[in-house]
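1. How does the following fold in three dimensions:
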Amino acid sequence: MGLDMYLKARTGVSGYEFSKETEKVKFNTIKALFAEANIENNSTIYIDLPIGYWRKANAIHKWFVTNVQSNEDDCGEYYVDKDHLNTLKYLCEKSLQWCKDKGPSEEPPLETQGGFFFGSTDYDEWYITDLENTIKIIDKCLALPSNYDFYYSSSW
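-> Predicted structure coming up:
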């Protein structure tokens, strides 16, 4: 048990008659692979790619709940735009700098959050690793083509 967090990239492939021919080829290839699903020609197939996973990174979760989920910590799935990702990356970088420069008398830009099986609230090597991993995850997201959308979810 514990806080598990996921970020996925979603894109769609359309089989509509007005779609580009290259798009239709992709659509038909996927449709053939999943023939048992009875996918209609005039539809879109959505593809979700797992791009990020965290375990008990409660500071990152707290940021998503506050800034993306309107303070609703309900284990739902929430759309995350690129501005959100850029902001979170910036705060991770500032928090890493805080870890190097500041003592425990000041709070970091990304504060930890206690919770049922949410992990440690210390600003230790695990906190630093979570920040570094988050930056790597966001860099992967931002390197994808513009036709990808991003969604955050958690479970605990």
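2. The protein: strands as residue ranges?
-> 4-14, 44-55, 77-80, 149-155 (DSSP state E).
3. Would you convert these into JSON lines that also reports distance to residue 108 and mean neighbour count?
-> Backbone N, C-alpha and C define where each C-beta goes, glycine included. Formatted as JSON lines, those follow (distance: least, Cβ to Cβ, whole Å; neighbours: other Cβ atoms under 10 Å):
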{"stretch": "strand 4-14", "distance to residue 108": "19", "mean neighbour count": "18"}
{"stretch": "strand 44-55", "distance to residue 108": "17", "mean neighbour count": "15"}
{"stretch": "strand 77-80", "distance to residue 108": "21", "mean neighbour count": "16"}
{"stretch": "strand 149-155", "distance to residue 108": "21", "mean neighbour count": "18"}
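4. okay, the ones you listed in JSON lines with distance to residue 133 next?
-> JSON lines is the format used below for these (distance: least, Cβ to Cβ, whole Å):
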{"stretch": "strand 4-14", "distance to residue 133": "11"}
{"stretch": "strand 44-55", "distance to residue 133": "7"}
{"stretch": "strand 77-80", "distance to residue 133": "16"}
{"stretch": "strand 149-155", "distance to residue 133": "15"}
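5. lowest-pLDDT helix or strand in this structure?
-> The helix or strand with the lowest mean pLDDT-type score in the chain, counting by mean pLDDT, DSSP states H and E, is helix 21-33 (a mean of 94).
6. ok, and what's touching that one?
-> Helix 21-33 is contacted by residues 13, 14, 15, 19, 39, 41, 45, 47 when judged by Cβ atoms under 8 Å, 6 or more residues apart in numbering.
7. Provide a list of residues in contact with the fifth one.
-> Residues touching residue 39, when contacts are defined by Cβ under 8 Å, 6+ apart, comprise 15, 30, 31, 45.
8. any idea how far the second one lies from residue 41?
-> Taking Cβ to Cβ, to the nearest Å as the measure, residue 30 and residue 41 are separated by 12 Å.
9. Residue 28 now?
-> Residue 28 is 9 Å from residue 41, by Cβ to Cβ.
10. out of everything not next to it in sequence, what's closest to residue 114?
-> Residue nearest to residue 114 in three dimensions, not counting chain neighbours: residue 121, with 5.2 Å by Cβ to Cβ, 6 or more residues apart in numbering.
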